[in-house]
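In: Let's see this in three dimensions:
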Amino acid sequence: MTKENFITRRKFLAGASAVSAGLTIVPRFVLGGVGQVAPSEKLNIAGIGIGGMGASNLRNVESENMVALCDVDDEYAAKTFQRYPQAKRYRDYRKMLAEQQDIDAVVIATPDHTHAVIAMAAMKAGKHVYCQKPLTHNVYESRLLAAAAKEEGVVTQMGIQHHSSNYVRLLREWIQDGAIGEVHEVVAWSSLTYYPWGHAWWSTTHENRPKEKPEVPVTLDWDLWLGPAAERPYHPCYHPAKWRAWWDFGCGMMGDRGVHTFDPIFWALDLKYPDSIEATNLGGNEETHPLGTIVTYQFPARGSKVPVKLTWYDGIFPPRPDDLEDGRQFGGSEGGIYFIGAKGSIMSGYMGDSPRIVPEAKMKAYKQPEPTIPRVEGSHEQDWIRAIKSGGKAGADFAYSGPLTEAVLLGNVAKRVDGRIHWDGANMKVTNNADANQYLKRVYRDPWSL
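Out: You can find the predicted model right below:
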């Protein structure tokens, strides 16, 4: 099928609902083959990166057909392979996309540094894409994936599961209702840290990068695991599950917890490009993310909305607000968000959960507005599945999550220069520090590309 025919059939389908209203089941071929299914038909799902969070994502789409599974580590992915014995197995996603034409949609949960190349390849192949957070490893990739999703016309979703929660909707509704007046400042934080980097290895060596070169496990394809990242020897301080702290592979705490925390802030306040970002680091080196950081964003006015200052703390607790009652817990167990408005404050956990107006007396006196934002039934993954089948859009599609990820990762650019950068969002460049622009994108190792 040519791309032109594929798009034409999509457009035809949008106006065909009245004609097909009398049909109970519409065959797949009528709806354009791969990429278009009737609401009553099951999607053919492929999982890429299935040993960690990907296993959980796939369990949330078990209502569909699991037809293909791909992972570079047979041992790490063994339980998921066993759970879906009917699915064809692969190590290389490129081989899977080339050979298995029945795939409708893919779930991607690989390490951060491979998100973009896999998601782009899947979208270019006409597949709907669910990609774990952060959407990409750098700013440039975020911009390109958002553009590609629009061009290809596929349904996308980033794995920020609380975007589908009622809590995040409450926050947006309250702020739009003027519950605390115009919000001019937000404090957000995660108290977690990756220390010691590389876990037991770093705590005993205190080196920037391992010198020893252990044998690669026979169950692991290390070249495929590296993907577009620069070549380096295998070491267990990277894989499995330790890669987030390394600049070459992970986006640090900003990409891990920060993107979750920024989500309800961005949505509630309609934020997009910041004017400036300033970082102050504690620890870290050219190989690993800082032990802790304070990152301050300045966002411009948006229409009638006032400018917003957003301060992010990771591995560090922010100062306790003066208006928070004595004895009351500040945020949630792993972090939180504190909105500061002209008429009061709202506090929640780090993913926007359990929001409350501060002080509690104001919360009890507040008459909550009627819900204006539709609630999501079931999981974040099912929101994506419904969007595919209805021809709609998911709540955290790449049009939304691309700019969100971009802003979060600009914090990492500021961390790399350990100072302030001024951002020209329209032209995607740092204007006050030419050296900082090198951190907006990376040079891919052959043969990987976008």
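In: alpha carbons only for contacts and neighbour counts from here, please
Out: Will do.
In: Around residue 359, count how many other residues there are.
Out: By other CA atoms under 10 Å, the residues close to residue 359 number 16.
In: no, scratch that, I was asking about residue 436
Out: The burial count for residue 436: 18, using other CA under 10 Å.
In: That one contacts residue 428, correct?
Out: No. The pair residue 436 / residue 428 is not scored as a contact, 11.8 Å apart, by CA atoms under 8 Å.
In: For the stretch 51-200 of the chain, just list every one of the strands.
Out: Assigned by DSSP state E, counting those that start in this stretch, the stretch 51-200 of the chain shows strands spanning 65-70, 88-90, 105-108, 128-132, 156-159, 183-190.
In: partners of the fourth one in the sheet?
Out: According to DSSP bridges, the neighbouring strands of strand 128-132, each with its direction, are strand 105-108 (parallel), strand 156-159 (parallel).
In: Just give me how far the last one sits from the chain centre.
Out: Going back to what we said before, that points to strand 156-159. 7 Å (CA atoms, centre = their mean, to the nearest Å).
In: Kindly list the longest helix within this structure.
Out: For the chain, the longest helix by residue count, based on DSSP state H, is helix 398-417.
In: I'd like to know which elements that one is packed against.
Out: Applying 3 or more CA pairs under 8 Å, 6 or more residues apart in numbering; DSSP states H and E, one finds that helix 398-417 contacts helix 139-152, strand 156-159, helix 259-269, strand 276-282, strand 292-299.
In: 7 Å instead?
Out: Here helix 398-417 is seen to pack against helix 139-152, strand 156-159, strand 276-282 when contacts are counted using 3 or more CA pairs under 7 Å, 6 or more residues apart in numbering; DSSP states H and E.
In: relative to helix 398-417, how tilted is the longest one?
Out: Put plainly, it is helix 139-152. Counting by axes from the mean of the first three to the mean of the last three CA atoms, to 10 degrees, helix 139-152 lies at 170 degrees to helix 398-417.
In: So what's the gap between helix 139-152 and the chain middle?
Out: 14 Å.
In: what comes into contact with it?
Out: 116, 120, 123-124, 126, 135-136, 398-399, 402, 405-406, 409-410, 440-441 (CA atoms under 7 Å, 6 or more residues apart in numbering).
In: Pull the most distant pair out of those residues.
Out: Across the contacts of helix 139-152, the longest distance by CA to CA is 29.7 Å; it joins 126 and 410.
In: More neighbours: these two, which one.
Out: The residue with more neighbours, out of residue 126 and residue 410, is residue 410; 26 against 23, by other CA under 10 Å.
In: Around residue 311, how many other residues sit close by?
Out: 21.
In: ok, the most centrally placed residue in the chain to residue 42 distance?
Out: In the chain, the centroid-proximal residue (CA atoms, centre = their mean) is residue 133; its distance is 2.3 Å. Distance, residue 133 to residue 42, by CA to CA, to the nearest Å: 25 Å.
In: Please apply the same query to residue 411.
Out: Taking CA to CA, one finds residue 411 at 40 Å from residue 42.
In: More neighbours: which of those two?
Out: Each of residue 411 and residue 42 has its neighbours counted (other CA under 10 Å); residue 411 has more, 26 against 16.
In: The helix-or-strand element of the chain with minimal mean pLDDT: what's the following helix or strand?
Out: In the chain, the helix or strand scored least confidently by mean pLDDT, DSSP states H and E is helix 3-14, which has a mean of 33. Using DSSP states H and E, the helix or strand that follows helix 3-14 in sequence is strand 44-48.
In: pLDDT of stretch 185-195, averaged?
Out: Average pLDDT, stretch 185-195: 90.
In: residues near residue 361, how many?
Out: Around residue 361 there are 9 residues (other CA under 10 Å).
In: Doesn't it lie inside a helix?
Out: Yes. The assignment for residue 361, made by DSSP: H, G, I helix; E, B strand; the rest coil, places it in a helix.
In: ok, now how distant is it from residue 321?
Out: Counting by CA to CA, the gap from residue 361 to residue 321 is 16 Å.
In: now swap in residue 68 and tell me
Out: Distance from residue 68 to residue 321, by CA to CA: 50 Å.
In: do the same with residue 93
Out: In terms of CA to CA, residue 93 sits 48 Å off from residue 321.
In: on that earlier part again, tell me the helix or strand right after the longest helix of the chain.
Out: Moving toward the C-terminus from helix 398-417, the next element (DSSP H and E) is strand 420-424.
In: got the contact list for that following strand?
Out: 274-279, 414, 429-433.
In: Put the buried members of those into a ChimeraX selection.
Out: Paste this into ChimeraX to select the buried members of the contacts of strand 420-424, with burial taken from 16 or more other CA atoms under 10 Å:
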select :274,276,277,278,279,414,429,430
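In: Could you tell me the model confidence score at the closest residue to residue 403 other than its chain neighbours?
Out: With sequence-adjacent residues excluded and distances taken as CA to CA, 6 or more residues apart in numbering, residue 403 is closest to residue 272, at 6.3 Å. Residue 272 carries a pLDDT value of 94.
In: which residues does the nearest residue to residue 288 once chain neighbours are set aside contact?
Out: Computed as CA to CA, 6+ apart, the closest residue to residue 288 that is not its neighbour in sequence is residue 246, at 4.4 Å. Counting by CA under 7 Å, 6+ apart, residue 246 touches 287-289.
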